[in-house]
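Asks: build the 3D model from these lines:
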Amino acid sequence: MDSSLSVTNMSQFEPVNILMVDDQPAKLLSYEAILRDLGENLIKASSGREALEHLLKTEFAMILVDVCMPEQDGFALVEMIRQHPRFQKIPVIFISAVHLTDLDKNKGYASGAVDYVSVPVVPVVLRTKVAVFADLFRKTRDLARLNQELENRVLSRTEELNKTQSALLEMDRRKDEFLATLAHELRNPLAPMQTSLELLRGIMGSDQTIEPILGTLDRQLQQLTHLIADLMDVSRITRNKLELRREPVLLSKIIHNATEMAKPKLETYGHTFTVDVPDEEIWLDADSIRMTQVVFNLLSNACKYTPRGGTLHLVADGLDSSAEISVTDTGIGIDPEDADRIFEPFYQVDRAIERSNGGLGIGLTLVQSIVEKHGGTIRLTSSGPDKGTTFTLQVPRIAATKPLEPEMNETPATKCRRRLMVVDDNHDAAITLTKLLEHLGHEVATCFDGSEACALAAKSTPDAIFMDIGMPILNGYDAARQIRSQAGGEGIVLIALTGWGQNEDRRKTEAAGFDRHLVKPVNLADLEKVLSEIPQSEPSVTP
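Replies: Numbering: from 1, shown residues only. Got it, this is the predicted structure:
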């Protein structure tokens, strides 16, 4: 706000209008002579009617009214003036040539007067009283103008903020769209690479010469897949859309899954790794996948920031009402100024070893967010640079729960021959997945667009269709709806195999008629699980 402008305006003298009402011209002239030095605009009226006409045309700071006038006395005039909403607060001074009793004064106050002046008028008294009311009006008017100015500026600023907010929301929306599109575009080339790897492993897995190479490819593909997933998770966290699928789960299972995931990285870095888990069963009401991600991220973080050949130690324990997990390393440590910001998105410790190991600076952000969504806490301790770091998290535990009995499948998934169809406009992705499914013993037809898939499905009625979503000519959503409307289409298991993996994408595929939603690149275990759930149309078993 430009306060100097407002002060200048308030300090400038602006004459105000003063209405003088008296039926005797001589008195009006005397009032005018007394008040002339004040520099105000003095307006005369010789009757109540004339005074009312002036009031309707002009704004007045105050009114001087003679009490005794022939047509309408001052009391009646002021009562009439006060009935109008615009004039209810105008100060009125009665001037009387007769002695007024207290009763008369009460009548005047009741009609709206604020003061009295007796005749003969003492000039200094009248001038002082008028000056006070004039100055009060001027200050009130200036304050009203200032308030209006402030209000206008607030409104203007609010409009600017609303426009800025709208722009930020639009930028945020575009960012989310960009990240989703980026994830989709990155997952598409990863899909045929992952499928080719699984196929090679199935064909050449027993070759000890090729296995280390396949292992390297697998680890690098998993790293890329995790980076994409982390980017999408950060986007969900910033929009508070990270969802948990809670269920009773053993802490030991989470630790086991996370350490198995981290084992290749631990071996690559040559670290000594120890795990200390209590014998008692500690149950959590948690999202097993997300909590596994938390422990894995902590182990992965410790691996990267610990020089090769270091030591990592994971300890899990059950407290009275919570479970505690700590990961300690002998790595580069953390400066106190970095410790306060280590959980911020994209914040990275500016150390040479960190730069050499890469990373997006989002792993710990995900850890903190997931832990807090589980009602837990996480903290770090470090004695400083090159003295290692310990991350300790606590999440609520629940009473012991009887585990669900797994459903038994009499026939192994890979032994059931099924008639399948693969639909993807990415030829590499379609062909490699076809080869892998054929290697698993299935009969597979391949299409490269939605229209071709609908026509082939109508002729052959396969057991299941693996279909991409973002295809030209006819996209996966429309193709699924068309297949469902065809004869025999209701019995086909439709599986969306796509680079789009957000919750909204899953809702769209479900609405279009898909039974499953797999995100590229799909690993062999998930693929075999889905295959095992597809009803078999042929009882034949491959040898």
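
Asks: helices or strands up against the helix or strand hosting residue 185?
Replies: Secondary structure from DSSP states H and E places residue 185 in helix 123-204. Helix 123-204 sits against helix 3-11, helix 25-35, strand 62-66, strand 92-96, strand 115-118, helix 211-238, helix 427-439, helix 524-532, with contacts defined as 3 or more Cβ pairs under 8 Å, 6 or more residues apart in numbering; DSSP states H and E. Bear in mind the C-beta positions are built from the backbone N, C-alpha and C, glycine included.

Asks: can you rerun that using 6 Å?
Replies: In terms of contacts (3 or more Cβ pairs under 6 Å, 6 or more residues apart in numbering; DSSP states H and E), helix 123-204 is packed against helix 25-35, helix 211-238, helix 427-439.

Asks: deepest-packed of the ones you listed, please.
Replies: The highest average neighbour count among the helices and strands packed on helix 123-204, using mean count of other Cβ atoms under 10 Å, belongs to helix 427-439 at a mean of 20.

Asks: that one vs helix 524-532, what angle?
Replies: Orientation check (axes from the mean of the first three to the mean of the last three Cα atoms, to 10 degrees): helix 427-439 against helix 524-532 gives 70 degrees.

Asks: report all helices and strands that the helix or strand just after helix 427-439 contacts.
Replies: Per DSSP H and E, helix 427-439 leads on to strand 443-447 as the next helix or strand towards the C-terminus. In terms of contacts (3+ Cβ pairs under 6 Å, 6+ apart), strand 443-447 is packed against strand 419-423, helix 427-439.

Asks: now the nearest residue to residue 131 once chain neighbours are set aside: how far from residue 128?
Replies: Spatial nearest neighbour of residue 131, excluding adjacent residues (Cβ to Cβ, 6 or more residues apart in numbering): residue 38 at 5.7 Å. The gap separating residue 38 from residue 128 is 10 Å, by Cβ to Cβ, to the nearest Å.

Asks: same deal with residue 168?
Replies: Counting by Cβ to Cβ, the gap from residue 168 to residue 128 is 58 Å.

Asks: and residue 75, by the same measure?
Replies: From residue 75 over to residue 128 (counting by Cβ to Cβ), the distance is 24 Å.

Asks: just give me how far stretch 309-318 sits from the chain centre.
Replies: With Cα atoms, centre = their mean, to the nearest Å as the basis, stretch 309-318 stands 35 Å off its chain's centre.

Asks: residues in contact with that stretch?
Replies: Residues outside stretch 309-318 that contact it (Cβ atoms under 6 Å, 6 or more residues apart in numbering): 251, 255, 270-278, 282, 302, 324-330.

Asks: for that stretch, list the C-alpha coordinates in PDB.
Replies: Extracted in PDB, the C-alpha atoms of stretch 309-318 (Å, rounded to 0.1, in the frame of the first residue of the first chain):
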ATOM      1  CA  GLY A 309      32.600 -52.400   1.800                       C
ATOM      2  CA  GLY A 310      30.700 -50.700   4.700                       C
ATOM      3  CA  THR A 311      28.400 -52.100   7.300                       C
ATOM      4  CA  LEU A 312      24.600 -51.900   7.500                       C
ATOM      5  CA  HIS A 313      22.500 -53.100  10.400                       C
ATOM      6  CA  LEU A 314      18.700 -53.400  10.500                       C
ATOM      7  CA  VAL A 315      17.000 -53.900  13.800                       C
ATOM      8  CA  ALA A 316      13.300 -54.500  14.400                       C
ATOM      9  CA  ASP A 317      11.600 -54.600  17.800                       C
ATOM     10  CA  GLY A 318       8.200 -54.500  19.300                       C
END
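
Asks: buried residues in it?
Replies: Buried residues in stretch 309-318, counted by 16 or more other Cβ atoms under 10 Å: 310, 312, 313, 314, 315, 316, 317.

Asks: mind checking the SS state of the third one?
Replies: Put simply, residue 313 is strand when judged by DSSP: H, G, I helix; E, B strand; the rest coil.

Asks: so, low pLDDT: which residues of the protein?
Replies: Applying pLDDT under 70 to the chain flags residues 1-12, 97-102, 104-113, 205-207, 223, 227, 231-241, 349-361, 402-415, 536-543.

Asks: domain parsing for it?
Replies: Using automatic domain parsing, the domains assigned to the chain come out as 3-121, 244-396, 413-532.

Asks: as a markdown table, the ones you listed with distance to residue 176 would be great.
Replies: Converted to a markdown table, the domains of the chain look like this (distance: least, Cβ to Cβ, whole Å):
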| stretch | distance to residue 176 |
| --- | --- |
| domain 3-121 | 42 |
| domain 244-396 | 14 |
| domain 413-532 | 9 |
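
Asks: tell me which of those lies nearest to residue 225.
Replies: domain 413-532 (6.3 Å; Cβ to Cβ).

Asks: off-centre distance for that closest one?
Replies: Offset of domain 413-532 from its chain centre (Cα atoms, centre = their mean): 34 Å.

Asks: next: stretch 146-155.
Replies: 31 Å.

Asks: residues of it that come out buried?
Replies: residue 146.

Asks: what's the answer for stretch 484-495, then?
Replies: For stretch 484-495, burial by neighbour count (16+ other Cβ under 10 Å) applies to 489, 492, 493, 494, 495.

Asks: wait, which of these is closest to residue 506?
Replies: Distance to residue 506, by Cβ to Cβ, is smallest for residue 495 among the buried residues of stretch 484-495, at 12.4 Å.

Asks: what helices and strands are in contact with the helix or strand containing the closest one?
Replies: Using DSSP H and E, residue 495 sits in strand 493-498. In terms of contacts (3+ Cβ pairs under 6 Å, 6+ apart), strand 493-498 is packed against strand 464-467, strand 516-519.

Asks: helices or strands up against the helix or strand that it is followed by?
Replies: Later in the chain than strand 493-498, the nearest helix or strand by DSSP H and E is helix 503-512. Contacts defined by 3+ Cβ pairs under 6 Å, 6+ apart place helix 503-512 against helix 476-485.

Asks: report the buried residues of the helix it packs on.
Replies: Neighbour count says helix 476-485 has 476, 477, 479, 480, 482, 483 buried, by 16+ other Cβ under 10 Å.

Asks: just put those residues in TSV and tack on distance to residue 48.
Replies: Shown next, in TSV, are the buried residues of helix 476-485 (distance: Cβ to Cβ, whole Å):
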residue	distance to residue 48
476	86
477	82
479	88
480	86
482	88
483	91
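
Asks: wait, which of those is closest to residue 138?
Replies: Lowest distance from residue 138 to those (Cβ to Cβ) belongs to residue 477, with 70.9 Å.

Asks: please name the nearest non-neighbouring residue to that closest one.
Replies: residue 512 (4.1 Å).

Asks: any idea how far residue 450 is from that neighbour?
Replies: In this view, residue 512 and residue 450 are 11 Å apart by Cβ to Cβ.

Asks: between those two, tell me which one has more neighbours.
Replies: Taking residue 512 and residue 450 together and counting by other Cβ atoms under 10 Å, residue 450 has the greater number of neighbours (25 against 19).

Asks: ok, the more buried one - contacts?
Replies: Counting by Cβ under 6 Å, 6+ apart, residue 450 makes contact with 471, 474, 479.

Asks: ok, now residue 218?
Replies: Residue 218 touches residue 197, counting by Cβ under 6 Å, 6+ apart.

Asks: the helices and strands packed on strand 493-498 into CSV, with extra columns for mean neighbour count and distance to residue 504?
Replies: What follows is the helices and strands packed on strand 493-498, written out as CSV (neighbours: other Cβ atoms under 10 Å; distance: least, Cβ to Cβ, whole Å):
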stretch, mean neighbour count, distance to residue 504
strand 464-467, 26, 18
strand 516-519, 20, 11
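
Asks: minimum distance to residue 79: which of the ones you listed has it?
Replies: Closest approach to residue 79 among the helices and strands packed on strand 493-498 (Cβ to Cβ): strand 516-519, 80.4 Å.
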